[in-house]
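A.B. asks: give me coordinates for this.
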Amino acid sequence: MPHPLVEQLRFTRKEFQRGLKNLSEADAQKRIGPMNSISWIIAHMAWQEQLYWLTRAQGLMPVPEVREQANGAPASTPTLAHAWKAWKTITAASDPWLDTLTSKQLTKFLTQEDGTPYRESIGSYLLRMRHHYWYHLGESQAIRQMLGHSGLGTFVGDQHGKAAYTPEK
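C.D. replies: The predicted structure follows:
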């Protein structure tokens, strides 16, 4: 069984996908004022998953272009298809490592190439990732509302049925 926080991350990912269903390529690439496009948001979340779970944890970078598209670079509007492909590739590659995490491992720190630990534990990274998804999910829903979309999700989905609180064992 994956750690309960990993299960919560998976639930959050599904809610992220649910909130972006039925999004057209054209709308995904629109920018309203200084806001990023929704396709950028998807690529940005792919970048962070890759950074934490693949690059820092395992020395891997299967989709290097997301770093240039979605991390502090000038505003970009990757295609929706490319953003989702990168996100799905990265999250699928991350899952086997995430499945190995234990409560003890969540208190450990990943280390940089020079041996210096990063400033947050693996558990804090996991919490930050979940919070980051919820932040950008809310942002994307606001963008969709401004674009005139209707029938959007109005609340967190079936958390109790799909990701209920589970005490550590």
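A.B. asks: so for the spatially most central residue of the chain, what's the pLDDT?
C.D. replies: Residue closest to the average C-alpha location in the chain (CA atoms, centre = their mean): Met45, at 3.8 Å. Looking at Met45, its pLDDT stands at 96.
A.B. asks: please compute how far the helix or strand harbouring it lies from its chain's middle.
C.D. replies: Assigned by DSSP states H and E, Met45 belongs to helix 38-49. Averaged C-alpha coordinates place helix 38-49 at 7 Å from its chain's average position (CA atoms, centre = their mean, to the nearest Å).
A.B. asks: re the thing from before, pretty sure the residue nearest to the centre of the chain sits against His131.
C.D. replies: No. At 11.8 Å, Met45 does not count as touching His131 under the criterion of CB atoms under 8 Å. Just so you know, the C-beta spots here come from the backbone N, C-alpha and C atoms, and that holds for glycine as well.
A.B. asks: picking up where we left off before, with just CA atoms, put the helix holding Met45 into CSV.
C.D. replies: Listed next in CSV are the C-alpha coordinates belonging to helix 38-49 (Å, rounded to 0.1, in the frame of the first residue of the first chain):
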residue,chain,number,x,y,z
ILE,A,38,-3.9,26.7,-18.6
SER,A,39,-1.6,24.7,-20.8
TRP,A,40,1.3,26.4,-19.1
ILE,A,41,-0.2,25.4,-15.7
ILE,A,42,-0.3,21.8,-16.7
ALA,A,43,3.3,21.9,-18.0
HIS,A,44,4.3,23.7,-14.8
MET,A,45,2.9,21.0,-12.6
ALA,A,46,4.6,18.4,-14.7
TRP,A,47,7.9,20.3,-14.2
GLN,A,48,7.5,20.3,-10.5
GLU,A,49,6.7,16.6,-10.3
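A.B. asks: quick one: name whatever helix or strand follows that helix.
C.D. replies: For helix 38-49, the following helix or strand on the C-terminal side (DSSP H and E) is helix 57-58.
A.B. asks: identify the residues contacting that following helix?
C.D. replies: 97, 110, 122 (CB atoms under 8 Å, 6 or more residues apart in numbering).
A.B. asks: for ChimeraX, write the select line for the buried members of the residues you listed.
C.D. replies: Command for ChimeraX that selects the buried part of these, burial taken from 16 or more other CB atoms under 10 Å:
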select :110,122
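A.B. asks: got the contact list for the residue nearest to the centre of the chain?
C.D. replies: 16, 87, 132-133, 136.
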